[in-house]
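Asks: Just need the structure, nothing else, for what follows:
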Amino acid sequence: MTSYVGVGCMSGSSLDGLDLCCVEFTGDRDTDVWGYRILKALTIPYDADWTSRLAGARNLSGESLVRLHVEYGHLLGKLIKDFIDGYSLEVEFVASHGHTIFHQPDQNYTFQLGDGETVSRYLDCPFVCNFRNKDVAYGGQGAPFVPCGEKYLFRAYDICINLGGIANIGIRGQKGYDISPCNYVLNKLAACYNTSLAFDTDGRIASQGQVLNNVLEKLNSLPFYSKPPPKSLGAEWIEENVIPILDTKLHKIPDLMRTFVEHVSSKLTEACASARPPSEEETPARKMSILLTGGGAFNRTLVDTFKHKIEIIGMHLGSSDKETINFKEALVFAFLGLKCIFGECNIFRDVTGSESDSVSGSIHLPLSTTNDYCISYFQKKKSSIG
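Replies: Sure thing, here's the model as predicted:
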């Protein structure tokens with residue numbers, strides 16, 4: 001078995017900052033059995049200027065967006081370099097999700113901010129990014145991608161749910177899709193309640209509200225939810241379809257937040273129920289285990305509401321460490337980058353609806369390297385660790 005050390009980077013639609021996760025993957029490429037160990041992880045919050053720039057990027061002109069693409073690449077490169085140097089990390093590769101500005105797979109395009117060649121200017125190792133475009137080019141949703149990592153790294157769980165800006169589900173590493181908006185909406189409502197708030201700590205504001213049944217009905221009846229997977233969501237859809245329903249001029253914000261929590265937890269439960277094998281629909285053989293990660297996993301009102309609902313259908317929340325809960329997506333993108341460098345499949349057609357499985361990601365090399373750099377770089381990793 002051999003080990004590989006890389007950094008995964010994740011910037012989600014909730015705009016809470018850049019997640020950086022240095023992780024050691026230990027595995028056997030012949031058997032494709034893998035484990036992981038987080039060496040160091042942290043979240044770097046965006047300052048007010050970058051939060052504003054990222055939030056408004058969809059409205060920029062073409063020239064301004066290209067400029068931001070490069071400027072964010074410089075920011076990303078500097079932050080990654082500072083992370084590596086500041087903690088004296090010995091890193092062999094870096095992989096980044098980028099920051100999604102547009103995601104319209106039905107119109108055949110998606111765009112993640114952070115120019116790869118610009119980022120690589122700061123690194124001494126391969127940098128992998130641009131994971132979504134190939135899948136979209138082959139007719140896929142370009143999301144979600146975490147089921148690949150879940151298949152190899154989180155075998156102990158039947159279902160993996162990430163509560164980020166958008167809530168998504170992975171089922172035994174074989175199927176996955178976006179369920180509903182999540183922190184993207186809750187964070188907006190928290191900021192409306194108090195401009196100093198970036199999010200609703202522990203779901204305290206939501207816990208003070210009452211469910212508005214008429215609003216809940218409108219949310220639950222959105223056409224997206226009747227579409228079968230594969231399917232994915234973007235910020236554009238949320239702004240057009242969800243935000244107008246949550247009218248802060250007509251309703252109290254705690255009530256809107258509690259209503260949205262009820263909406264999300266209901267959609268999560270429906271997704272979990274649909275994941276039960278047909279043979280167990282009537283008489284479940286055991287309680288299926290669910291791994292809950294992402295910032296929303298610390299929203300007690302949301303988690304308690306969801307937990308109550310899944311217990312009714314005979315499922316339970318599995319346990320995990322705090323670092324995995326916080327950094328699972330960054331960790332998984334590091335693994336996707338490793339797979340890309342190996343030239344091995346890291347995107348599954350059964351998850352995204354693409355015409356084919358694929359090796360996705362663009363590899364950007366350090367200065368003054370040859371075309372076979374990545375191959376020779378990893379051929380050096382021959383040492384056995386047991």
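Asks: can we go C-alpha only for contacts and neighbour counts from here?
Replies: Fine.
Asks: hey, which helix is longest across the protein?
Replies: Counting by DSSP state H, the longest helix found in the chain is helix 62-86.
Asks: gap between that helix and the chain center?
Replies: Centroid separation for helix 62-86 versus its chain: 19 Å, with Cα atoms, centre = their mean, to the nearest Å.
Asks: what residues does that helix touch?
Replies: For helix 62-86, the external contacting residues (Cα atoms under 8 Å, 6 or more residues apart in numbering) are 20, 57, 90-91, 113-116, 118-123.
Asks: just checking, what packs against whatever helix or strand comes next after it?
Replies: Downstream of helix 62-86, the next assigned helix or strand under DSSP states H and E is strand 93-104. The criterion is 3 or more Cα pairs under 8 Å, 6 or more residues apart in numbering; DSSP states H and E, and the helices and strands that strand 93-104 contacts are strand 2-11, strand 109-113, strand 127-129, helix 235-241, helix 322-342.
Asks: Take those and lay them out in TSV including mean neighbour count.
Replies: Output for those, formatted as TSV (neighbours: other Cα atoms under 10 Å):
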stretch	mean neighbour count
strand 2-11	24
strand 109-113	20
strand 127-129	29
helix 235-241	15
helix 322-342	24
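Asks: and the ones you listed as CSV, adding distance to K78 and mean pLDDT?
Replies: Putting the helices and strands packed on strand 93-104 into CSV (distance: least, Cα to Cα, whole Å; pLDDT from 0 to 100) gives the following:
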stretch, distance to K78, mean pLDDT
strand 2-11, 13, 96
strand 109-113, 15, 97
strand 127-129, 13, 98
helix 235-241, 27, 96
helix 322-342, 17, 95
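Asks: Throw the ones you listed into CSV and include distance to Y46, thanks.
Replies: Putting the helices and strands packed on strand 93-104 into CSV (distance: least, Cα to Cα, whole Å) gives the following:
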stretch, distance to Y46
strand 2-11, 10
strand 109-113, 15
strand 127-129, 20
helix 235-241, 18
helix 322-342, 16
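Asks: returning to what we had before: please work out the average pLDDT along the longest helix of the chain.
Replies: Here helix 62-86 scores 98 as its mean pLDDT.
Asks: Let me know the average pLDDT across stretch 293-312.
Replies: Mean pLDDT, computed over stretch 293-312, is 96.
Asks: list the buried ones in that stretch?
Replies: Residues 293-303, 305-307, 309-310 are the ones in stretch 293-312 that count as buried (16 or more other Cα atoms under 10 Å).
Asks: Report the separation between S274 and H316.
Replies: From S274 across to H316, the span is 15 Å (Cα to Cα, to the nearest Å).
Asks: Of these two, which one has the most company?
Replies: Neighbour count, other Cα atoms under 10 Å: between S274 and H316, H316 has more, with 17 against 10.
Asks: Just checking: what are the partner strands of the helix or strand that contains the more buried one?
Replies: H316 is part of strand 315-317, with elements assigned from DSSP H and E. Strand 315-317 sits in its sheet next to strand 288-293 (parallel), going by DSSP bridges.
Asks: got the contact list for the partner strand?
Replies: Contacts of strand 288-293 (Cα under 8 Å, 6+ apart): 157-163, 314-320, 324-326, 328.
Asks: buried subset of those?
Replies: Buried residues within the contacts of strand 288-293, defined by neighbour count using 16+ other Cα under 10 Å: 157-163, 315-317, 324-326, 328.
Asks: biggest separation within these, which pair?
Replies: M315 and N326 (22.4 Å; Cα to Cα).
Asks: Show me what counts as buried in the helix or strand harbouring R53.
Replies: Element membership for R53, per DSSP H and E: helix 48-55. Neighbour-count burial for helix 48-55 flags L54 (criterion: 16+ other Cα under 10 Å).
Asks: other SSEs contacting it?
Replies: Looks like helix 48-55 contacts no helix or strand (3+ Cα pairs under 8 Å, 6+ apart).
Asks: what comes into contact with that helix?
Replies: L15, I101.
Asks: Looking at it now, give me its mean pLDDT.
Replies: For helix 48-55, mean pLDDT is 96.
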